[in-house]
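Participant: sequence below, structure please.
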Amino acid sequence: MLYWMLKRIFVGPLLRMLFRPWVQGLDHLPDEGAAIVASNHVSFSDSIFLPLMSPRRITFPAKLEYFTGGGVKGFLTALFFRGTGQVPIDRSGGRASQAALDAGLKILEQGELFGIYPEGTRSPDGRLYKGKTGIARLVLEAKVPVVPVAMIDTVKVQPPGQVIPNLGRVGMRFGPALDFSRYEGMKTDRYVLRAITDEIMYALMELGGQEYVDIYA
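Facilitator: Here you go, the predicted structure:
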């Protein structure tokens with residue numbers, strides 16, 4: 001209910017009015033059934049625009065700190081992230097990656113959309129960095145397609161470290177779903193995991209036009 005209210009009544013209409021977001025290739029997003037939505041990550045606002053502008057609910061893993069902050073700001077932040085269906089991930093102890101995969105598998109088993117940033121963190125300079133193979137393990141474990149989506153100009157609206165966003169137009173471009181069923185049963189092969197991840201990153205590069213950097217961010 002809170003998700004619907006934020007999207008349809010409160011935050012969604014405000015975002016459309018202020019930032020006039022545009023969307024291309026929305027027909028590539030399946031109307032039903034499980035899929036992984038893989039996105040580039042250049043701004044904090046990616047996690048706001050993408051879930052709220054998608055016709056289907058996309059659940060992303062989010063830092064546990066977003067749900068545990070104090071004061072009014074902490075309360076509102078937690079309310080927003082819970083309201084948009086994001087799941088808290090404990091990043092301590094080096095288990096963030098596995099925790100995100102476990103959460104993703106659970107969401108996908110329910111026939112829903114799970115969003116993931118293959119780079120693992122925000123780009124520090126607007127370029128597209130090498131993807132981590134966790135997404136490939138999730139693909140092979142869940143046996144679902146991957147829908148790539150490139151966020152456009154969100155970094156101009158909210159650069160890293162900036163709290164209050166600038167007014168400007170943002171966009172998102174969805175690409176055709178990627179099918180990796182040919183690799184079924186090969187989830188322990190690190191070369192296969194790298195090949196899947198690189199194919200996803202190439203699709204994101206083509207969609208967003210970012211310069212690709214073959215190192216981790």
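Participant: okay, CA-based contacts and neighbour counts for the rest of this
Facilitator: Fine.
Participant: which stretches in the protein count as strands?
Facilitator: Under the criterion DSSP state E, the chain carries strands at the ranges 22-24, 35-39, 58-59, 61-63, 87-89, 113-116, 128-129, 146-152, 171-174, 212-213.
Participant: shaky segments in the protein?
Facilitator: Segments of the chain classed as low confidence (criterion: pLDDT under 70) are 1-10, 64, 83-85, 90-97.
Participant: for it, what spans make up the helices?
Facilitator: Taking DSSP state H as the criterion, the chain contains helices spanning 2-5, 11-19, 46-53, 65-68, 71-83, 96-109, 134-142, 154-157, 190-208.
Participant: closest one to Arg169 among these?
Facilitator: helix 11-19 (4.8 Å; C-alpha to C-alpha).
Participant: tell me what that closest one is packed against?
Facilitator: In terms of contact count using 3 or more C-alpha pairs under 8 Å, 6 or more residues apart in numbering; DSSP states H and E, helix 11-19 is assigned the packing partners helix 46-53.
Participant: what distance separates the helix it packs on from the centre of its chain?
Facilitator: Here helix 46-53 is found 8 Å from its chain centre; the criterion is C-alpha atoms, centre = their mean, to the nearest Å.
Participant: can you name the residues in contact with it?
Facilitator: Defining contact as C-alpha atoms under 8 Å, 6 or more residues apart in numbering, one finds that helix 46-53 is touched by Lys7, Gly12, Leu15, Arg57, Ile58, Thr59, Phe60, Thr84, Met151, Thr154, Met172.
Participant: ok, the residue of the chain most remote from its centre to Val144 distance?
Facilitator: Relative to the C-alpha centroid of the chain, counting by C-alpha atoms, centre = their mean, Gly71 is the outermost residue, at 27.3 Å. Taking C-alpha to C-alpha, to the nearest Å as the criterion, Gly71 is separated from Val144 by 40 Å.
Participant: hang on, Phe60 packs against Pro118?
Facilitator: No - because the distance of 11.9 Å does not satisfy C-alpha atoms under 8 Å, Phe60 is recorded as not touching Pro118.
Participant: so those two - more neighbours on which side?
Facilitator: Set side by side, Phe60 and Pro118 give different neighbour counts by other C-alpha atoms under 10 Å, the larger being at Phe60 (26 against 23).
Participant: dump the residue contacts of that one.
Facilitator: Taking C-alpha under 8 Å, 6+ apart as the test, what Phe60 contacts is Ser47, Gly85, Gln86, Val87, Phe114, Gly115, Ile116.
Participant: list phi and psi for it.
Facilitator: The main-chain torsion angles of Phe60 are listed as degrees, to the nearest 10 and equal phi -110, psi 150.
Participant: ok, it to Leu101 distance?
Facilitator: When distances are taken as C-alpha to C-alpha, Phe60 and Leu101 turn out to be 11 Å apart.
Participant: again, but for Gly175
Facilitator: Using C-alpha to C-alpha, which is the criterion applied here, Gly175 is 23 Å from Leu101.
Participant: one more: Tyr212?
Facilitator: For Tyr212, the distance to Leu101 under the criterion C-alpha to C-alpha works out to 25 Å.
Participant: which of those two has more neighbours?
Facilitator: In this view Tyr212 and Leu101 are compared by other C-alpha under 10 Å, and Leu101 has more residues nearby, 20 against 16.
Participant: list the contacts of the more buried one.
Facilitator: For Leu101, counting by C-alpha under 8 Å, 6+ apart, the contacting residues are Gly134, Ile135, Leu138.
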